[in-house]
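Participant: next come a sequence and a model predicted from it.
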Amino acid sequence: MGSKPISDATNDTGKDTQTEVSNKESGRAPNPEHTEGKTKKAKIEQTHEQVTDDIMHHPDLVNPLDDTRIDIKTPFTKDSQRIKGDKHKYEYDVVVLGAGPAGEAAAMKLTKSGKKVAVIDPREQVGGNSTHVGTIPSKALRQSVFNLINFRRDPMFTKAMEYQQVPLNRVLANARQVIRNQVTTHTRFYERNRIDVIHGWASFLDEHTLNVEKDDGVFETVTFNKAIITVGSRPYRPDILDFNHPRVFDSDKILQMDYVVKKIIIYGAGVIGCEYASIFTGLGYKVDLINNQNQLLSYLDSEISDAIAHDFRQFGVLIRSNEEIDHLETHDDYVVLHLKSGKRIKSDAILWSNGRSGNTEGLNLEAIGLEANSRGQLKVDDTYCTGVENIYAAGDVIGWPSLASAAYDQGRCAAAFMVGDSDAEPVSSVPTGIYTIPEISCIGKTEQELTDEKVPYEVGQAFFKHLARAQIIGERSGVLKILFHRDTLEILGIHCYGNHASEIIHIGQAVMKCKSNNTLEYFVNTTFNYPTMAEAYRVAALNGLNRVF
Ligand SMILES: Cc1cc2nc3c(=O)[nH]c(=O)nc-3n(C[C@H](O)[C@H](O)[C@H](O)COP(=O)(O)OP(=O)(O)OC[C@H]3O[C@@H](n4cnc5c(N)ncnc54)[C@H](O)[C@@H]3O)c2cc1C
Ligand SMILES: NC(=O)c1ccc[n+]([C@@H]2O[C@H](COP(=O)([O-])OP(=O)(O)OC[C@H]3O[C@@H](n4cnc5c(N)ncnc54)[C@H](O)[C@@H]3O)[C@@H](O)[C@H]2O)c1
């Protein structure tokens with residue numbers, strides 16, 4: 001049965017979140033195949049008739065001046081070839097479950113490889129949790145808050161502007177617009193690539209059949225030769241908390257917060273907890289950040305972890321380390337968090353940000369002989385194949401690293417393995433990009449790891465406050481650290497703290513990827529634009545070389 005799990009109420013359909021943009025609002029006709037399937041099929045058939053065997057032309061390329069079709073010289077899979085697909089008795093060559101980044105990348109790779117593809121998702125819009133409740137709204141919200149902070153800091157405006165707290169859902173106005181734009185862009189990708197998007201909850205009937213439950217309670221079956229499960233994840237909700245209470249939030253529900261608070265508890269100091277700590281302090285809230293461990297984001301380079309903890313304290317975050325929830329007391333206008341250590345914290349609201357679970361329980365995995373782990377995640381091999389040979393999985397539903405960036409690449413790779421690409425490689429190295437204020441980004445090894453492995457490394461540092469560009473744009477804190485082998489000068493790790501860190505890291509990543517040229521000398525022997533933030537690499541490289549004797 002493809003019934004929606006009750007605990008998913010706010011997560012996966014996203015219908016009751018205010019970030020969901022209706023088709024009406026976005027000005028786009030609803031896509032569902034169940035309402036327009038016949039018309040679309042007719043259109044596709046018409047296009048096939050227009051494709052003659054001797055001329056290769058793309059049906060989407062039309063000369064804007066005279067409306068004639070533009071011939072293309074390179075080989076192109078004609079629709080007539082594409083929709084015939086592989087030789088089998090099923091409706092689709094491949095069905096993709098979930099239209100988030102992993103599902104989209106898989107679908108695009110498959111359709112470009114000549115497969116007939118359908119994507120199933122219960123949301124009315126494509127984009128997945130990433131676009132509707134995860135990456136996109138949180139990053140757009142962060143940008144609005146970042147702008148607000150800079151606005152308040154600028155002496156030209158501070159006198160004129162009486163600072164007031166603004167409810168979160170008002171600050172989200174910009175995020176809603178970004179979501180609309182993203183949905184429009186991605187909807188076009190599916191349309192242009194002639195991928196059928198079916199709206200409904202998918203669950204397995206057997207290894208080649210899905211049951212799809214539509215909004216109106218109508219069920220439909222879809223048959224497929226192969227499938228990719230990219231159903232993503234949702235916030236983990238422990239039974240001891242009542243998420244229906246208006247003062248208890250998770251990272252999905254927080255986007256609906258429509259009242260102003262003075263103080264908020266964030267339980268869980270992972271990436272989501274830390275990013276929201278920045279957002280809330282930027283809005284002027286007092287934050288109690290409850291960390292189960294003794295260090296913030298303990299997998300980071302410890303200097304960077306110390307730096308973010310220091311800046312959080314400066315901005316009014318009270319970090320409470322090594323704490324664990326006992327229970328939560330809820331009242332109409334406040335909550336009290338009771339910790340196992342005996343502490344009690346009173347606050348206007350609580351944001352629970354302690355982990356996520358894979359969306360597998362509604363999939364009826366038993367019907368295909370698969371089982372998810374205790375976090376709802378699926379196990380896959382190096383080709384993203386599950387234990388069932390025609391069923392693959394990618395993105396958050398397989399666990400590591402649970403990032404939109406990696407989900408997209410995993411989806412594309414899973415599809416590449418599925419179609420037998422000889423150069424396909426699983427995703428193995430992913431940079432960290434944490435959008436706190438300031439940002440954090442890293443790639444490669446940390447000092448602690450290199451010390452444990454007894455690698456003779458050295459450190460080169462550049463502090464943003466000394467860079468001309470940073471001074472011009474008003475960056476006060478930030479550092480770029482390059483860790484390199486003191487004998488070979490090979491770059492082993494790059495750690496960046498400061499605004500634009502998530503962009504800056506990619507310069508170093510590119511050099512590290514060039515195996516034979518991966519040395520610190522690249523940054524010394526290359527002229528950088530001036531003034532730029534990228535200049536930090538040259539400054540850090542020279543700083544590091546001065547330590548080598
Ligand atoms: C607050 C927050 C901030 C984040 N920030 C970042 C960031 O800055 N950078 C980054 O890289 N990552 C970030 N992430 C992580 C990122 O959002 C996820 O890694 C990404 O969404 C995973 O993509 P996915 O394709 O696996 O699944 P999702 O985006 O979760 O999409 C899965 C889709 O599957 C659908 N689905 C579920 N069940 C079914 C079913 N039975 N049948 C059909 N469809 C189904 C869902 O409706 C959903 O649309 C953030 C996450 C959160 C929560
Ligand atoms: N900028 C970014 O890249 C970004 C931003 C936000 C979120 N994310 C992704 O979202 C994911 C969730 O982040 P988070 O901060 O909520 O948590 P997290 O994954 O960092 O974990 C927080 C804590 O919850 C525990 N936990 C995780 N899943 C659990 C489950 N199902 N049941 C019980 N405990 C569980 C973990 O062991 C950990 O102690 C992360 O994997 C992160 O990669 C990324």
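Facilitator: Cool, the structure landed. Ligands and ions are numbered 1, 2, ... in the order given.

Participant: who's in contact with residue 445?
Facilitator: When the contact criterion is C-beta atoms under 8 Å, 6 or more residues apart in numbering, the partners of residue 445 are 453, 455, 483, 492, 493. Using the backbone N, CA and C atoms, a C-beta is placed for each residue, glycine as well.

Participant: do residue 108 as well
Facilitator: Counting by C-beta under 8 Å, 6+ apart, residue 108 makes contact with 189, 193, 195, 412.

Participant: where's the residue lying closest to the second one once chain neighbours are set aside, which helix or strand?
Facilitator: This points to residue 193. Counting by C-beta to C-beta, 6 or more residues apart in numbering, the nearest residue to residue 193 once its immediate chain neighbours are dropped is residue 111, at 4.6 Å. Secondary structure assignment for residue 111, by DSSP states H and E: helix 101-112.

Participant: next secondary structure element downstream of that helix?
Facilitator: Reading on from helix 101-112 to the C-terminus, the next helix or strand found by DSSP H and E is strand 117-121.

Participant: now do that next one: which elements does it pack against?
Facilitator: Applying 3 or more C-beta pairs under 8 Å, 6 or more residues apart in numbering; DSSP states H and E, one finds that strand 117-121 contacts strand 92-97, helix 101-112, strand 196-199, strand 219-229.

Participant: for residue 320, give its distance to ligand 2.
Facilitator: When distance is defined by C-beta to the nearest ligand atom, to the nearest Å, residue 320 is 15 Å away from ligand 2.

Participant: okay, that residue: pLDDT?
Facilitator: Model confidence at residue 320, expressed as pLDDT, equals 98.

Participant: that one reaches residue 293, doesn't it?
Facilitator: No - in this structure, residue 320 is not within contact of residue 293 by C-beta atoms under 8 Å, at 11.3 Å.

Participant: who's more crowded, the two?
Facilitator: Here residue 320 and residue 293 are compared on neighbour count by other C-beta atoms under 10 Å; more neighbours surround residue 320, at 18 against 12.

Participant: give me the nearest residue to that one, chain neighbours excluded.
Facilitator: In space, not counting the residues next to it along the chain, residue 320 is nearest to residue 290; the distance is 5.2 Å by C-beta to C-beta, 6+ apart.

Participant: dihedrals phi and psi, that neighbour?
Facilitator: Backbone dihedrals for residue 290, given as degrees, to the nearest 10, come out at phi -100, psi 120.

Participant: next one: residue 203
Facilitator: Per degrees, to the nearest 10, the residue geometry at residue 203, taken as phi and psi, is phi -150, psi 150.

Participant: out of the contacts of residue 108, flag the one nearest to ligand 2.
Facilitator: Distance to ligand 2, by C-beta to the nearest ligand atom, is smallest for residue 412 among the contacts of residue 108, at 18.7 Å.

Participant: contacts only, for the closest one.
Facilitator: Contacts here follow C-beta under 8 Å, 6+ apart; on that basis residue 412 touches 105, 106, 108, 109.

Participant: from ligand 1, how far off is whatever residue of the stretch 351-500 of the chain ends up closest to ligand 2?
Facilitator: For the stretch 351-500 of the chain, the residue positioned closest to ligand 2 under C-beta to the nearest ligand atom is residue 355, at a distance of 2.2 Å. For residue 355, the distance to ligand 1 (C-beta to the nearest ligand atom) stands at 11 Å.

Participant: nearest residue to that residue in space, please, no chain neighbours.
Facilitator: In this structure, residue 355 finds its nearest non-sequential neighbour in residue 236, 4.3 Å apart by C-beta to C-beta, 6+ apart.

Participant: so what touches stretch 300-312?
Facilitator: In this structure, residues lying in contact with stretch 300-312 by C-beta under 8 Å, 6+ apart are 274, 277-278, 281, 289, 295-298, 319, 432, 436, 438, 440, 442, 446-448, 477, 479, 481, 493, 495, 497.

Participant: now the buried members of those residues.
Facilitator: With neighbours counted by 16 or more other C-beta atoms under 10 Å, those contain buried members at 274, 277-278, 281, 289, 295-297, 319, 432, 436, 438, 440, 442, 446-447, 477, 479, 481, 493, 495, 497.

Participant: any idea how far the spatially most central residue of the chain is from residue 379?
Facilitator: Among the residues of the chain, residue 404 comes closest to the average C-alpha position under C-alpha atoms, centre = their mean, at 2.7 Å. Plainly put, residue 404 is 21 Å away from residue 379 if you go by C-beta to C-beta, to the nearest Å.

Participant: from the contacts of residue 445, pick the one nearest residue 332.
Facilitator: Proximity to residue 332 was ranked across the contacts of residue 445 by C-beta to C-beta; first place goes to residue 493, at 49.9 Å.

Participant: and the strand or helix carrying that closest one, is it in reach of ligand 2?
Facilitator: Counting by DSSP H and E, the element that carries residue 493 is strand 491-497. No - under the criterion of C-beta under 6 Å from any ligand atom, ligand 2 is not reached by strand 491-497; the shortest gap measures 13.7 Å.

Participant: buried residues in the next helix or strand after that strand, which are they?
Facilitator: Heading C-terminal from strand 491-497, the first helix or strand you meet, by DSSP H and E, is helix 501-513. Neighbour counts using 16+ other C-beta under 10 Å place 501, 502, 504, 505, 507, 508, 509, 511, 512 of helix 501-513 among the buried residues.
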